[in-house]
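**Q** A predicted structure for the sequence below; I have some questions about it.
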Amino acid sequence: MAVRLGRQTVKLTFPPAFIGTAAVVGKKESEGPLKECFDYISEDSYFGESSWEKGESHMLLQCFRTACDKAAKTPDAIDYVLSGDLLNQCVSSAFAMKDSDVPYFGLYGACSTMAESLSLGALLIDSGAAETVCAITGSHFCSAERQYRFPLEYGGVRTPTSQWTVTGAGSAILGGGQGPIITHITTGKIVDAGITDANSMGSAMAPAAYDTIMAHFRETGRSFDYYDAIFTGDLGAVGHDILQALFHDDGFDPGIRYMDCGVLMFNLKTQGVNSGGSGCGCSASVLCGHIVPAMQRGVWDRVLFAATGALMSPLSAQQGSTIPGICHAVAIENTGRN
């Protein structure tokens, strides 16, 4: 069973491997720097359905099926699906999986949901409660805008600190096998920095990322130098710079090994996305389409994936409440490295 290393971190005794991953995105995401990394690109924002919300469910289901195919698993071989999205009551995930006949956990951690689902899935396997699980997360620009901001027809002007919700999904099948494995999990604590501007979520989430990453180092005895790459998601350019400043203020320099999924997804100079990508499908699709496949090719051997979330709702934002942040981290390492 997992060994607790401190208040927030556990070391897995039977670390599960990524045995299949898939990433599905929309047209705008395919025009960015990672366009060659995705398994399927939809030119149609509706994904062939009659609404954006139904299209989001279609996207998640397609991502699930593709990951199963790449893992050489049928849905009935999956013990649990752990899935989440940004819509009320995680309805996109629920409708995506309702006909799959797989035991299902619906999760909400905002943009941290992929790391949350990986953490819980890995713990299920490590404990012996499951052999194979699927962690899957997605978001859709149009449906998220309608719920959290304004209808697209309104044509509201976006502030420079705002981020662009990614239309995308990432799915990872975890189980026994060769390849990158999840060795450690650091569960985040809620950090409220007092930010109330819903158009500056990177500012709200960066302190949570700092808190979790430093807890991971403190409790594992590791440092920045241990990892080949550290990814947050999705702080965007603003949050990325804030987190860098927090590290530097305490005497740490992560250097070029630190990257943010929201910055990687788009070309910030040409695609009109302001501070970069966001949405729980952003870090999920970057992880499953770019990071894990790169580890399988030997580009990196040790990666810390730290997904961040802004724990707000339309109601809390309208009432002027602060935006608490959360960050969950998973250590992913290639088999054979100590």
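**A** Everything's here; your move. Remember, it's a predicted structure, so these values are computed and weren't measured experimentally. Numbering: from 1, shown residues only.

**Q** hmm, who's touching the helix or strand of the chain with the lowest mean pLDDT?
**A** Of all helical and strand segments in the chain, the minimum by mean pLDDT, DSSP states H and E falls on helix 141-148, at a mean of 79. With contacts defined as Cβ atoms under 8 Å, 6 or more residues apart in numbering, helix 141-148 is touched by 26, 28, 45, 52-53, 55-56, 86-88, 92, 151-152, 164-167, 198, 279, 314, 317. For every residue, glycine as well, the C-beta is placed using N, CA and C.

**Q** Any of these buried? List them.
**A** 26, 28, 45, 52-53, 55-56, 86-87, 92, 164-167, 198, 279, 317 (16 or more other Cβ atoms under 10 Å).

**Q** got the buried residues for the least confident helix or strand of the chain?
**A** Per 16+ other Cβ under 10 Å, helix 141-148 contains these buried residues: Phe141, Cys142, Ser143, Ala144, Glu145, Arg146, Tyr148.

**Q** Spit out the contact partners of the residue nearest to the third one when sequence neighbours are not counted.
**A** Pointing back at Ser143 there. Counting by Cβ to Cβ, 6 or more residues apart in numbering, Ser143 lies nearest to Trp52, which is 4.4 Å off, once chain neighbours are set aside. Applying Cβ under 8 Å, 6+ apart to Trp52 gives the contacts Ser45, Tyr46, His140, Cys142, Ser143, Arg146.

**Q** which one of the buried residues of helix 141-148 is nearest Glu36?
**A** Checking those against Glu36 with Cβ to Cβ, the nearest one is Phe141 at 21.1 Å.

**Q** how close does that closest one sit to Ala215?
**A** Distance of Phe141 to Ala215, given as Cβ to Cβ, to the nearest Å: 32 Å.

**Q** how does the chain divide up, domain by domain?
**A** Following automatic domain parsing, one finds the domains of the chain at 3-175, 181-333.

**Q** The shortest one spans what distance, first to last residue?
**A** As for domain 181-333, its first-to-last residue distance stands at 5 Å under the measure Cα to Cα, to the nearest Å.

**Q** can you give me the helices for this protein?
**A** Taking DSSP state H to define them, one finds helices in the chain at 27-30, 52-70, 91-97, 113-127, 141-148, 201-220, 236-249, 261-265, 280-286, 292-296, 314-318.

**Q** Val133 is nearest to which of those helices?
**A** helix 113-127 (3.9 Å).

**Q** Could you name the helices and strands sitting against the closest one?
**A** If contacts are counted by 3 or more Cβ pairs under 8 Å, 6 or more residues apart in numbering; DSSP states H and E, helix 113-127 sits against strand 80-84, strand 104-107, strand 133-139, strand 168-175, strand 181-186, helix 280-286, strand 302-310, strand 325-333.

**Q** Just name the most buried of these.
**A** Among these, the stretch with the highest mean neighbour count (mean count of other Cβ atoms under 10 Å) is helix 280-286, at a mean of 36.

**Q** May I have that helix as CSV, with CA atoms only?
**A** Extracted in CSV, the C-alpha atoms of helix 280-286 (Å, rounded to 0.1, in the frame of the first residue of the first chain):
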residue,chain,number,x,y,z
CYS,A,280,-9.5,21.3,-17.4
GLY,A,281,-9.2,20.0,-21.0
CYS,A,282,-6.0,22.1,-21.4
SER,A,283,-3.6,20.3,-19.0
ALA,A,284,-5.4,17.0,-19.8
SER,A,285,-4.8,17.2,-23.5
VAL,A,286,-1.2,18.5,-23.1
